[in-house]
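A.B. asks: What follows is a predicted structure for the sequence shown.
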Amino acid sequence: MKKLCVIIILALLLVIGAMGWFFVVRGTTEQGADGRTVILLKPSDRDFLLAEMRGWLESVQGISAALAENDMKEAAQIARKAGNADLDHVPASLLRSIPLEFKQLGLGTHEAFATLAKSIEEGADAKQALKMLSGIMLNCTGCHAGYRVDPKAP
Ligand code: HEC
């Protein structure tokens, strides 16, 4: 009887572990024909993610324009906004669908913008800030090389 209980508990743990791996680590993904991992998202989540992305591109544009003018205050302000990783407004279904590594890369990018804002506020000059911005953009290019998003069939 005791042995049976242990076996049942182990089996349940295995199922929970597999579900955790499936939902948290892997997300809803498949292998794409172009070699990238395809994240399957419902259309509204895909729209949300792509809108966030366009916001990031606007931030990169704004920061580089400000740095070219040596307007450090403006650059810090835009970086501070892009660094604000407010997960409350992110749809839960989107968070469930994206793989763990993608989440980490995304949050890491927010953090990198926040670090840039802080460095500028603490006196980094335009050249140093530009170097940090180019480092942040390795996150953009790295993630784009590895992932794409397709709408999930209803
Ligand atoms: C965690 C992963 C990740 C990071 C980091 C990331 N992106 Fe993206 N981005 C994506 C994915 C996935 C797509 C969709 C690509 C596709 O389906 O081909 C995308 C799409 C885009 C698009 C197209 C938006 C549209 O409307 O089609 C832009 C612009 C963009 N990203 C800008 C950026 C910029 C700028 C950065 C860095 C500051 C960045 N992204 C960082 C994953 C990421």
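C.D. replies: Yep, it's here. Numbering: from 1, shown residues only.

A.B. asks: The helix ranked longest in the chain - contacts with which helices or strands?
C.D. replies: For the chain, the helix with the greatest residue count under DSSP state H is helix 43-68. Counting contacts by 3 or more CB pairs under 8 Å, 6 or more residues apart in numbering; DSSP states H and E, helix 43-68 packs against helix 72-82, helix 92-97, helix 100-121, helix 126-146, strand 147-151. Every C-beta, even on glycine, is put in place using the N, C-alpha and C of the backbone.

A.B. asks: show me the contacts for the residue nearest the centre of the chain.
C.D. replies: Geometric centre of the chain, nearest residue: Gly106, 1.6 Å, by CA atoms, centre = their mean. Shown in contact with Gly106 (CB atoms under 8 Å, 6 or more residues apart in numbering): Ile98, Cys143.

A.B. asks: still on that earlier bit, mind checking the pLDDT average for the longest helix of the chain?
C.D. replies: Averaging pLDDT along helix 43-68 yields 97.

A.B. asks: buried sites along it?
C.D. replies: If you call a residue buried by 16 or more other CB atoms under 10 Å, then helix 43-68 has these buried ones: Asp45, Arg46, Phe48, Leu49, Trp56, Ser59, Val60, Gly62, Ile63, Ser64, Ala66, Leu67.

A.B. asks: residues contacting the second one?
C.D. replies: Arg46 makes contact with Val149, Asp150, Pro151 under the criterion CB under 8 Å, 6+ apart.

A.B. asks: Recalculate using a threshold of 6 Å.
C.D. replies: Val149, Pro151 (CB atoms under 6 Å, 6 or more residues apart in numbering).
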